[in-house]
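[1] 3D, please:
(2 chains)
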Amino acid sequence: MSADAGEAVAVEGLSVAFGARQALSEVSFRVPTGAFVGILGPNGAGKTTLLRALLGQLAPRGRIAIERPVAYVPQLTGAGSAFPIDALGVVLMGFFPRLGWWRRPSRTDRTRARALLDRVGLANRAGSSFDELSGGQRRRVLLARALAQEGRVLLLDEPLAGVDALSRDLLLRAIHEECASGRAVLMTTHDLAEAARVCDRMLILNRELIAQGTTEQIFTQEVLRRAYGSDVLVLDRGIAVLDDPHHGHAESSRWSG
Amino acid sequence: MEWLTDPWSSEIMRRAFAEAIVMGATTGALGCFVLVRGLAFLGESVAHTIIFGVVVAFLLGAPAALGAVLAAAITVGLASALASDRRFSVDVAMGVLLPAFFGLGVTLIALTESYRSRLQDTLFGAILGVTDLDLLLAAGVAAIAAATLLLAGKELVLVTFDREMARAMGYRIALLDLLLFAVVTLAAVVALRAVGNVLITAMLLGPALSARLVTRTFWPMVATAACLGALAGIVGLYWSWSSSVGGGAAIVIAISATFAVLAAAGPLGRLARRRPGRPGAVPEEASC
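    Below is the predicted model of the structure:
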């Protein structure tokens, strides 16, 4: 199956099982080029599994067509923080697959990496140790690395979790620029309100696809209750997930419109 | 200036210098990977498990190096196989394999009258007894290490820094791991000749630790560690020549002294000088 013109991702009947545990079943959706899609759902809903399937790391049932190359920003936990490397060095890693085995990044690559750091507001931190940067700054560096991959599709795993306001704005600005230049961006997030505010479309998962569409289409009591299995207040200007069993504590969030 | 040129007039010392410089630089460079990957235990364990291979080779009349390499290959293979199970790490696997092989080796030595006299060399090295074959092996392993770092250095860095990303980019992580383990193991086996298996950890980790104190990024750290490793070899041998200290021990003490000085000038010194209420944290970027 290949994605049709104007489509960056087409997934049909995707199922993933880890041993006896069914992580995802019969997920089907399509993502147009230039779309910014939020992938939502409680912990264990299969959000990261879906990204890994799109990256081609799993052997799922079903069909996936995705525009290549695919760029990726893993959750921050993946990056070893004590490793001696500066921000520029991290961004340069985005060029590795294109360089091949023995070639090192050229001067042009370094200039381009600096420009990418500039895009995420870190032009003056190129020489800073990665482990000296704040959490939000690190995520911006990792986004810059993904931009260096020049993917047609950009997959982001929880890029906005726990980042400061400045970092969030800069990350979102860069993401929107990518979408405007025709790239599709898929982002997992826990934050319903944030996703509703910034994404064009949403996929709500809970081991199966609960709903997909625009914010207005899917933010209904019924859909959210099916996804989160708990009471969700859908208010005019915000959402509150009450007593979410997956988090073990009440969690609420608002969006300011 | 005689003390400077004297040691070089001896053929034995010239060979010892060659071995110490080549292996010091090689283990110094590779030690940086060992350090940042948290594989300190791997080098140590391999050094201990190969004693079994060395004794078996001796009993069969085969070259000791061959027995060592085979035993190391078996150890690393078994450790990788065990570590592929999520419940075990490489360290845990080595923790099981080290006593098993070391115990077997020691038992064999106890049963082998003729080998016992050589135990000293295996444990503490015999850099003054370096043969042509030893030098050839040292040059070979140095070339393999250099080729590995040139061909796959940046990929090994990527796998170390961010495994998840390396996997996503389509790299064969298990293969890169095996390559790194294999090269480190080879170097550890060959370096045994210089410092023996009790002191090998110092050759792998000492220069890397010192280099980490004075560099901020990885490749300068590798270059610095290689230089420090070679330098410690030279300094150690001069000291050994002018005293009764054994070559291997002198090299290891030179490595440790370098680290002690750099640590005292750097982090330890800062810790001692730091006044309360003055945290050394880097200022955070202001958020709006």
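[2] could you use CA atoms for every contact and neighbour count after this?
    OK.
[3] need the pLDDT of residue 231.
    Just so you know, I chose chain A. Predicted confidence (pLDDT) for residue A:231: 57.
[4] other chain: chain B
    pLDDT for residue B:231: 95.
[5] show me the residues around it that make contact.
    Shown in contact with residue B:231 (Cα atoms under 8 Å, 6 or more residues apart in numbering or on different chains): B:21, B:24.
[6] buried residues in whatever helix or strand it lives in?
    Using DSSP states H and E, residue B:231 sits in helix B:218-241. Neighbour counts over helix B:218-241 (16 or more other Cα atoms under 10 Å in any protein chain shown) mark B:218-219, B:221-241 as buried.
[7] alpha carbons only: can I get it in CSV?
    C-alpha atoms of helix B:218-241 as CSV (Å, rounded to 0.1, in the frame of the first residue of the first chain):
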residue,chain,number,x,y,z
PHE,B,218,34.0,13.1,23.3
TRP,B,219,36.6,13.1,20.5
PRO,B,220,39.0,15.5,22.2
MET,B,221,38.6,13.3,25.3
VAL,B,222,39.6,10.2,23.2
ALA,B,223,42.7,12.0,21.8
THR,B,224,43.7,13.2,25.3
ALA,B,225,43.2,9.8,26.9
ALA,B,226,45.4,8.2,24.1
CYS,B,227,48.2,10.7,24.8
LEU,B,228,47.9,10.3,28.6
GLY,B,229,48.0,6.5,28.2
ALA,B,230,51.1,6.6,26.1
LEU,B,231,52.7,9.1,28.4
ALA,B,232,52.0,7.1,31.5
GLY,B,233,53.8,4.1,29.8
ILE,B,234,56.9,6.2,29.2
VAL,B,235,57.0,7.8,32.6
GLY,B,236,56.3,4.4,34.3
LEU,B,237,59.1,2.7,32.5
TYR,B,238,61.6,5.5,33.3
TRP,B,239,60.7,5.1,36.9
SER,B,240,60.9,1.4,36.7
TRP,B,241,64.4,1.6,35.1
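[8] just give me how far the helix or strand that that helix is followed by sits from the chain centre.
    Heading C-terminal from helix B:218-241, the first helix or strand you meet, by DSSP H and E, is helix B:247-265. Taking the mean of its C-alpha atoms, helix B:247-265 sits 15 Å from the chain's own mean (Cα atoms, centre = their mean, to the nearest Å).
[9] now the angle from helix B:247-265 to helix B:218-241?
    130 degrees (axes from the mean of the first three to the mean of the last three Cα atoms, to 10 degrees).
[10] what number of residues lie near residue A:84?
    For residue A:84, the neighbour count with other Cα atoms under 10 Å in any protein chain shown is 20.
[11] for the one 4 residues further on, same thing?
    Counted by other Cα under 10 Å, the residues lying close to residue A:88 total 25.
[12] and it, how far from chain B?
    Distance, residue A:88 to chain B, using Cα to the nearest Cα, to the nearest Å: 10 Å.
[13] residue contacts, that residue?
    Residue A:88 touches A:110, A:113, A:114, A:117, A:126, A:127, counting by Cα under 8 Å, 6+ apart.
[14] residue A:71 and residue A:144, how far apart?
    According to Cα to Cα, to the nearest Å, residue A:71 and residue A:144 sit 11 Å apart.
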